[in-house]
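> can you look at this prediction? I've put the sequence above it.
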Amino acid sequence: MAIPEICLSSGNAKPMPVLGLGLGAVDPTPEIITNAVLDAIELGYRMFDTAAFYQTEEALGDAIAQAISRGLIKSRDELFITSKLWLHDNYGDRVLPALQKSLRDMKLDYLDQYLIHFPVSMKAGSNPFQLNPENFAAMDFKAVWTAMEECQSLGLTKSIGVSNFSCKKLADILAFAKIPPAINQVELNPAWQQGKLRAFCQANGIKVAAYSPLGAAGAFWGTKGVLESEVLMEIAKSKGKSVAQIALRWAYEQGIVIVMKSFNKERLKQNLEIFGWELSDEESKKIAAMPQKRANLAEFVVSETGPFKTLEELWDGEL
Ligand code: A2P
């Protein structure tokens, strides 16, 4: 079954598949990434999400080239590719070179979506992979977003957006944006449903994408509150589905774009089988009532001397 698509507000972006494969994982070898992308394309996935920080752009580019040469797809235009700007490049004059480097690494002419990865900068000269509190600096939203708009105007990306932004930080961008963010990619799953943020995004024509739709159980900050949720397990049992399928189906029914992660072909297949059936009202209500907790707090950004002195400030109270 083909994956449904949604339309984005910005530019001449092609419709975005509502389910895709995220490529941000700890220590995946390039072979694992390339093979997972090839498996996914074979199964019918068309949306892939990477980032400069993940160091998986080259492997994704290799997989795309191989998919074309094997005849799995005719051209790169059949895919929807997202990448993200990392913190040391969150400066007005560094955005375009960063995007150009990502494109070179992926051997692509354009991205479908380019996102500001996180709303903070790293000081000049910092090691981009060393997430020490003293390395962070406040981001000049206007300078960075204007440069993102320039990237879209140049045709190097078909749409632009953000990731890990609160309502307040989105409002800051909207106050001056000539091109509003098309999407905000955030942690979102039945254990952290982001009700307030979703309402704000809907009111402002911004689509919401979910990372960690399964709770990122493998990540150091991940939660078992999704895959081991009693509520989800009970629903899964009664419907003859897996807990993962229930969580993904729930996100789909909420109108969320899902950036799912699995490098296992069986689970990639299983996670695709979330269309053509639905949750009952009662099941949706049970999920809506699940206990809520943000798992990815990004505490490492918070410090007495940095731009965010408390978690409250970093997430603008959305905790
Ligand atoms: P694996 O790669 O072994 O499939 P998230 O998308 O929330 O970040 O979660 C990713 C984690 O969820 C990965 O560790 C992945 O492991 C696991 N996962 C993905 N799909 C399933 C599934 N259908 N059932 C159980 N675990 C899954």
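Great, that's in hand.
> for stretch 42-57, the distance to its chain's centre please.
Distance of stretch 42-57 from its chain centroid, counting by CA atoms, centre = their mean, to the nearest Å, is 10 Å.
> tell me the mean pLDDT for it?
Averaging pLDDT along stretch 42-57 gives 96.
> quick one: end-to-end length of it, please.
19 Å (CA to CA, to the nearest Å).
> can you list the buried residues in it?
45-57 (16 or more other CB atoms under 10 Å). (C-beta placed from N, C-alpha, C; glycine too.)
> same thing with stretch 66-82?
Within stretch 66-82, the residues that count as buried by 16+ other CB under 10 Å are 67-68, 76, 79-82.
> then stretch 142-157?
143-152, 156-157.
> for stretch 171-186, same thing?
So stretch 171-186, judged by 16+ other CB under 10 Å, has buried residues 172-173, 177, 179-186.
> picking up where we left off before, so of the buried residues of stretch 42-57, which ones are in helices?
Judged by DSSP state H, the buried residues of stretch 42-57 include E57 as members of helices.
> count the residues that sit near K269.
As a burial measure, K269 scores 15 neighbours (other CB atoms under 10 Å).
> A295 reaches G222, doesn't it?
Yes. Between A295 and G222 there is a contact at 6.1 Å, judged by CB atoms under 8 Å.
> so the closest residue to the ligand within the stretch 51-200 of the chain bridges to which residues?
As assessed by CB to the nearest ligand atom, the ligand sits closest to N189 within the stretch 51-200 of the chain, at 6.5 Å. Under DSSP bridges, the beta-bridge partners of N189 are W192.
> sorry, back to before: what about the buried residues of stretch 66-82, which are in helices?
Among the buried residues of stretch 66-82, the ones falling in helices (DSSP H) are 67-68.
> and the buried residues of stretch 66-82, which two are the farthest apart?
Greatest spatial distance among the buried residues of stretch 66-82 (CB to CB): I68 and T82, at 18.9 Å.
> A40 and G22 touch, don't they?
No. Using CB under 8 Å as the test, A40 is too far from G22 to be in contact (10.7 Å).
> show me where pLDDT drops low in the protein?
1, 11 (pLDDT under 70).
> the stretch 1-150 of the chain: strands as residue ranges?
5-6, 16-17, 19-22, 47-49, 80-85, 113-116, 121-122, 136-137 (DSSP state E, counting those that start in this stretch).
> indicate each strand paired with the fifth one and its parallel or antiparallel sense.
If you go by DSSP bridges, strand 80-85 pairs up with strand 47-49 (parallel), strand 113-116 (parallel).
> which one of these lies nearest to S238?
Comparing those against S238 with CB to CB, the closest turns out to be strand 47-49 (30.2 Å).
> say whether the ligand is contacted by the closest one.
No. Counting by CB under 6 Å from any ligand atom, the ligand has no neighbours in strand 47-49; the shortest distance is 10.6 Å.
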